[in-house]
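J.: Okay, structure incoming, though there's no sequence with it:
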């Protein structure tokens, strides 16, 4: 599923009474169905998970929701978008789908999803970290636990 690929090191500033949100794009290229169990932070210090949800992702990947099939996610943008004709057999926009809790979510073959992880600093700290995001899931015959290499730092005032 590529869970352990495409990592990053990110820092976000979290003012009081707010949270940070990170998204993992996953594709299930197998013929198996998987069920997510727990998704959490690897080696967290001063940082806690607020919620983990799943939303459908466009097959083209990040930054391309609702784009025309075959278009490039980061193609040159027009100053004023041109109107396009709507075909009746198009897939519905992923913006119209409400997120669902990740725990218990059934990941079907060839599906593309975004796992949205919301995190917050613990009350008594000004900076928190996590080495990765750990995704636990299972097939009918086996259980898995894979670390996605998204290294997270959250600070109350600055990332410098």
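T.: Yes, it's here. These numbers come from a predicted model, not from an experiment.

J.: Could you tell me whether residue 110 really is in a helix?
T.: No: counting by DSSP: H, G, I helix; E, B strand; the rest coil, residue 110 is not found in a helix; it is coil.

J.: How much space separates it from residue 30?
T.: 9 Å (Cβ to Cβ, to the nearest Å). Just so you know, the C-beta spots here come from the backbone N, C-alpha and C atoms, and that holds for glycine as well.

J.: How far off centre is the helix or strand hosting residue 128?
T.: For residue 128, the element it lies in under DSSP states H and E is strand 127-130. Offset of strand 127-130 from its chain centre (Cα atoms, centre = their mean, to the nearest Å): 18 Å.

J.: Show me what that strand is packed up against.
T.: With contacts taken as 3 or more Cβ pairs under 8 Å, 6 or more residues apart in numbering; DSSP states H and E, strand 127-130 sits against strand 47-56, strand 112-121, strand 150-155.

J.: Just put those in a markdown table and tack on distance to residue 21, mean pLDDT and mean neighbour count.
T.: Output for those, formatted as a markdown table (distance: least, Cβ to Cβ, whole Å; pLDDT from 0 to 100; neighbours: other Cβ atoms under 10 Å):
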| stretch | distance to residue 21 | mean pLDDT | mean neighbour count |
| --- | --- | --- | --- |
| strand 47-56 | 9 | 96 | 18 |
| strand 112-121 | 5 | 95 | 20 |
| strand 150-155 | 11 | 96 | 20 |
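
J.: buried ones in the strand holding residue 128?
T.: Using 16 or more other Cβ atoms under 10 Å as the test for burial, strand 127-130 gives 127-130.

J.: Repeat that for stretch 24-43.
T.: Neighbour-count burial for stretch 24-43, counted by 16+ other Cβ under 10 Å, picks out 24, 26, 28, 34, 36-37, 39-42.
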